[in-house]
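>>> What follows is a predicted structure for the sequence shown.
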Amino acid sequence: MADVKSVGVIGGGQMGSGIAQLAAVAGISVWLEVATNALKNLKCTSNLEDLQSADVIIEAIVESEDVKKKLFSELDRIAKPSAILASNTSSISITRIASATSRPCQVIGMHFMNPPPIMKLVEIVRGADTSNETFMTVKTMAERFGKIIVCSQDYPGFIVNRILIPMINEAFFTLYTGVATREDIDTGMKLGTNQPMGPLELADFIGLDVCLSIMKVLHVGLGDSKYRPCPLLVQYVDAGRLGRKRGIGVYTYGKQQELIKSSSRL
Ligand SMILES: CC(=O)CC(=O)SCCNC(=O)CCNC(=O)[C@H](O)C(C)(C)COP(=O)(O)OP(=O)(O)OC[C@H]1O[C@@H](n2cnc3c(N)ncnc32)[C@H](O)[C@@H]1OP(=O)(O)O
Ligand SMILES: NC(=O)C1=CN([C@@H]2O[C@H](COP(=O)(O)OP(=O)(O)OC[C@H]3O[C@@H](n4cnc5c(N)ncnc54)[C@H](OP(=O)(O)O)[C@@H]3O)[C@@H](O)[C@H]2O)C=CC1
């Protein structure tokens with residue numbers, strides 16, 4: 001098991017920025033962004049070559065198999081031979097991502113939950129060839145971040161999203177088929193099952209594009225029509241209603257809310 005001293009985080013969106021914060025607070029030197037004591041551990045770059053000295057590189061870019069494979073193939077060329085390449089993917093096969101590299105035994109899924117600094121879980125996903133040494137190094141690093149680990153085999157959606165995202169998709173079907181309003185669906189699930197957010201509110205928080213990508217992976221990967229994405233979810237993504245990060249999803253937020261209010265007054 002390797003002692004991780006430096007980490008590269010690729011993707012500075014919702015997940016990447018939170019993961020970089022965790023590593024910096026754990027005293028590991030990080031290439032990316034954050035605050036006070038942790039700030040001295042953080043460096044920002046837009047040049048992949050700067051990651052060549054990292055012990056572990058954590059990818060948190062867009063949920064697209066093609067884009068991730070292209071990046072992993074480039075990382076394989078840039079990273080030092082001993083480096084571990086981890087993906088924060090929500091659902092894409094680690095085995096297939098690893099196949100884009102010459103080091104599949106050093107490729108692993110390190111799936112943080114959103115928001116990474118707050119949520120206690122990290123789901124570790126072993127691809128077909130992931131070695132025990134890679135697993136132990138990543139497990140120990142996640143524990144150093146203060147996280148609790150669960151371990152999943154490499155099947156679509158792993159553990160959490162295999163169960164969570166179909167629930168969110170079903171909430172969209174419930175809205176789409178007129179069973180109830182968005183507010184009643186969310187309040188029903190929040191108060192009825194003691195969850196901090198209703199499923200539609202949570203979809204906006206995760207990002208509707210991410211939810212749809214995961215549903216598609218489940219649908220194709222498991223080949224069962226019960227995983228078909230709800231047409232309303234597809235339509236919202238087509239319309240650019242991606243959730244909180246865009247100011248509009250199932251609900252509207254911030255400036256978008258003000259714009260909608262003012263246009264409805266015209
Ligand atoms: C899609 C995937 O692949 C997998 C996934 O991630 S699935 C999604 C998993 N995540 C969830 O299910 C989140 C469900 N929601 C929640 O747990 C809570 O609503 C929440 C933690 C997000 C916010 O909690 P809240 O009590 O409603 O709001 P709030 O009072 O603002 O925040 C609580 C604390 O979290 C902190 N916090 C909230 N968002 C944060 C963020 N993005 N980064 C860091 N800290 C954050 C706040 O600062 C606050 O800290 P203090 O208690 O120290 O003040
Ligand atoms: N949202 C969530 O709740 C969770 C998401 N994940 C996973 O984490 C990963 C990132 O998700 P999240 O942070 O939500 O997404 P965001 O949309 O917030 O961020 C995506 C990041 O990827 C970058 N990016 C977009 N397209 C490309 C590309 N073609 N090549 C390289 N980088 C690109 C973006 O850069 P720019 O801004 O410059 O476009 C941005 O930094 C995904 O795999 C997702 O499934 C895992 C757990 C939870």
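Ah, there it is. Note that this is a predicted model, so its numbers are computed, not measured. Ligands and ions are numbered 1, 2, ... in the order given.
>>> Go ahead and confirm S6 touches A54.
Yes. Counting by Cβ atoms under 8 Å, a contact exists between S6 and A54, whose distance comes to 5.0 Å. No exception for glycine: its C-beta is placed from N, CA and C like everyone else's.
>>> Compare these two and say which one has the larger neighbour count.
The residue with more neighbours, out of S6 and A54, is A54; 25 against 18, by other Cβ atoms under 10 Å.
>>> Tell me the bridge partners for the residue nearest to the more buried one when sequence neighbours are not counted.
Using Cβ to Cβ, 6 or more residues apart in numbering and skipping the chain neighbours, the partner closest in space to A54 is G8 (3.9 Å). Beta-bridge pairing of G8 under DSSP bridges involves W31, I57.
>>> show me what contacts G8?
The contact partners of G8, by Cβ atoms under 8 Å, 6 or more residues apart in numbering, come to 30-32, 50-51, 54, 56-58.
>>> Remind me which helix or strand T140 belongs to.
Assigned by DSSP states H and E, T140 falls within helix 132-144.
>>> Check the model's average confidence along that helix for me.
For helix 132-144, mean pLDDT rounds to 97.
>>> Now it: buried residues?
134-135, 137-139, 141-142 (16 or more other Cβ atoms under 10 Å).
>>> Report the entries of the residues you listed that also contact ligand 1.
Near ligand 1, taking Cβ under 6 Å from any ligand atom as the test, no member of the buried residues of helix 132-144 is found.
>>> List just the nearest of the residues you listed to ligand 2.
Checking the buried residues of helix 132-144 against ligand 2 by Cβ to the nearest ligand atom gives A142 as the nearest, at 13.8 Å.
>>> my guess is that closest one meets V122, correct?
Yes. When contacts are counted by Cβ under 8 Å, A142 is listed as touching V122 (4.3 Å).
>>> okay, and the common contacts of the two?
If you check A142 and V122 against Cβ under 8 Å, 6+ apart, the residues they both contact are 110, 149.
>>> what does this protein have sitting close to ligand 2?
11-16, 60-63, 67, 88-90, 111-112, 114, 206-207, 210, 245.
>>> Let me see the contact set for the residue of the stretch 151-266 of the chain at minimum distance from ligand 1.
Closest approach between the stretch 151-266 of the chain and ligand 1, counting by Cβ to the nearest ligand atom: P196, at 3.8 Å. Contact analysis of P196 by Cβ under 8 Å, 6+ apart lists K190.
>>> what number of residues lie near L164?
Other residues near L164 number 18, with proximity taken as other Cβ under 10 Å.
>>> and the gap between G221 and A128?
To A128, G221 is 15 Å away according to Cβ to Cβ, to the nearest Å.
>>> tell me the contacts of P117?
With contacts defined as Cβ under 8 Å, 6+ apart, P117 is in contact with 18, 21-22.
>>> That one looks like it's in a strand, true?
No. If the criterion is DSSP: H, G, I helix; E, B strand; the rest coil, then P117 is coil and not within a strand.
>>> Check whether stretch 233-252 comes near ligand 1.
No. On the criterion Cβ under 6 Å from any ligand atom, stretch 233-252 is out of touch with ligand 1, staying 10.3 Å away.
>>> So what's the gap between that stretch and the chain middle?
In this view, stretch 233-252 has its centroid 17 Å away from the chain centroid, taken as Cα atoms, centre = their mean, to the nearest Å.
>>> hmm, back to that, which of the contacts of P117 has the most neighbours?
The residue in these with the most neighbours, by other Cβ under 10 Å, is L22 (25 neighbours).
>>> Can you name the element that comes right after the helix or strand in which K190 is found?
Taking DSSP H and E as the definition, one finds K190 inside helix 182-193. Under the assignment DSSP H and E, the closest C-terminal helix or strand after helix 182-193 is helix 199-206.
>>> Helix or strand with the lowest mean pLDDT in this protein?
Of all regular secondary-structure elements in the chain, judged by mean pLDDT, DSSP states H and E, the least confident is helix 254-265 with a mean of 61.
>>> re earlier: CA-only coordinates of the helix holding T140 in CSV, if you can.
Provided in CSV are the C-alpha atoms of helix 132-144 (Å, rounded to 0.1, in the frame of the first residue of the first chain):
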residue,chain,number,x,y,z
ASN,A,132,-5.6,-5.2,-3.9
GLU,A,133,-2.8,-2.7,-3.4
THR,A,134,-4.7,-0.1,-5.4
PHE,A,135,-7.8,-0.8,-3.3
MET,A,136,-5.9,-0.5,0.0
THR,A,137,-4.2,2.7,-1.0
VAL,A,138,-7.5,4.4,-2.0
LYS,A,139,-9.4,3.0,1.0
THR,A,140,-6.7,4.4,3.4
MET,A,141,-6.8,7.8,1.6
ALA,A,142,-10.6,7.9,1.9
GLU,A,143,-10.4,7.1,5.6
ARG,A,144,-7.9,9.9,6.0
